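In: Predicted model, plus sequence, below.
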Amino acid sequence: MTNSSQSRIGERGSVGLVSATNRDGRPLLAYDSDQHHAAGPRARALVFSDPRSRALLPLIERVAPSDANVLILGETGTGKELVARYVHSLSDRAEAPFIAVNCGAFSESLIEGELFGYEKGAFTGANMARAGWFEAANGGTLFLDELGDLAPSLQVKLLRVLQEREVVRLGSRKAVPLDVRVIAATNVGLQKAMSEGRFRADLFYRLQVVSIPLLPLRERRADILPLARHFLDIYGAKRSTSGLEFSAAAEEALFQHLWPGNIRELENAVQRATLICEDGRIKPADLGLSPIIDPIEPGSEPASLEDAVRTLVGPLLNGAHEAVLDRLVAATVIEAFQQSNRSQTKTAELLGVTRNVVRTHLKNLGLIR
């Protein structure tokens, strides 16, 4: 990261980026969620210590000053929103709005009005006109996270907005001109989604002027300990506890863990450790890491689904449990919903059912309205 880039980040507090280096002198992007919206990105720090991470910096810094659309690819928790904020902070739009929208957080019936806006009376409950996120981001950057969750009908409308550079609110015939840079992100394999007809190829190529791939944490292990130390500084300061440190065994456990939840999982593990360690020296047990599961040996045959379920269900059918089927179905749906980061589309894919079926279950379970 160049000195000019570091100084420009310091001037871009509006997007919440508060640091350019960590205590080891490595380039670091950090998000100050205390000064901005409460939740913040799912990954709130991204360090560039691993050579594969550092290799992305020249690409990011070359792309940032342009108005080109950018597609950021990576698993949940790898820092996609932080990269989007960094791109915005280095662009000529840095003083204009940066709006982040999670496309998977809205139902299909709501997302259209959220993105494109609506006029009073456009639908039941539209008691006043409201600008959508595209209009709110006018002059700046709109970050569309979990883009792969958009329904096909919404993909068509998004493509038109990108092509025409204008938006028409629901219930209106008047087009509103737009000057918005779009940065999109997804944890869904869009190439596979296109081959299966779930994602439009023309929208993909419209968005993918430049692709920025973010590796999962397990594939850039040199980033793990610098990130862990960064989070240790943050949560140690919140506890007003000085001198917190990782034991050598704890650092080894951090380094060897697979981190399926990526940076957010790492942050949670460090936060937990700062709360329960007794003598200021964090041990492996303080991190609460789940055991590393060895992959299936090549050539071995995994048990069939039916065999695996039979082993679990058999002991439950002794009369000691009520409503076994309903409770098993509920547990399966909830687990899939959590593993999918509350994405209805991805939950449906995991379970092999339609999104409407998933929505019915989630409504019955009180997980959505």
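Out: Yep, that arrived.

In: What ranges does this structure have for its strands?
Out: Using DSSP state E, the strands of the chain run over residues 28-30, 45-47, 70-73, 98-102, 141-145, 166-168, 175-177, 181-186, 210-213, 245-246, 281-282.

In: Could I get those in TSV, plus columns for mean pLDDT and mean neighbour count?
Out: For glycine as for every other residue, the C-beta is placed from the backbone atoms N, C-alpha and C. Shown next, in TSV, are the strands of the chain (pLDDT from 0 to 100; neighbours: other C-beta atoms under 10 Å):
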stretch	mean pLDDT	mean neighbour count
strand 28-30	66	24
strand 45-47	81	26
strand 70-73	94	23
strand 98-102	92	21
strand 141-145	95	25
strand 166-168	92	18
strand 175-177	92	13
strand 181-186	95	26
strand 210-213	93	16
strand 245-246	94	18
strand 281-282	92	20
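
In: nearest to residue 192, of these?
Out: Minimum separation from residue 192 across these (C-beta to C-beta) falls at strand 181-186, 11.4 Å.

In: So in that sheet, which strands flank the closest one, and in what orientation?
Out: strand 70-73 (parallel), strand 141-145 (parallel) (DSSP bridges).

In: Distance from the chain centre to the first one, please.
Out: Spelled out, it's strand 70-73. 12 Å (C-alpha atoms, centre = their mean, to the nearest Å).

In: measure the closest residue to residue 168 other than its chain neighbours to residue 104 for me?
Out: Nearest residue to residue 168 in three dimensions, chain neighbours excluded: residue 175, at 5.2 Å (C-beta to C-beta, 6 or more residues apart in numbering). Relative to residue 104, residue 175 is positioned 28 Å away (C-beta to C-beta, to the nearest Å).

In: do the same with residue 254
Out: 29 Å.

In: Next: residue 227.
Out: 25 Å.

In: So residue 266 sits against residue 224, correct?
Out: Yes: with contact defined as C-beta atoms under 8 Å, residue 266 reaches residue 224; the gap is 6.8 Å.

In: between the two, who's got more neighbours?
Out: residue 266 (26 against 22; other C-beta atoms under 10 Å).

In: List the contacts of the more buried one.
Out: 217, 224, 227-228, 231, 254, 259 (C-beta atoms under 8 Å, 6 or more residues apart in numbering).

In: Output these in CSV; the columns should cover pLDDT and distance to residue 113.
Out: CSV is the format used below for the contacts of residue 266 (pLDDT from 0 to 100; distance: C-beta to C-beta, whole Å):
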residue, pLDDT, distance to residue 113
217, 93, 36
224, 93, 41
227, 93, 38
228, 94, 41
231, 91, 37
254, 95, 44
259, 92, 37
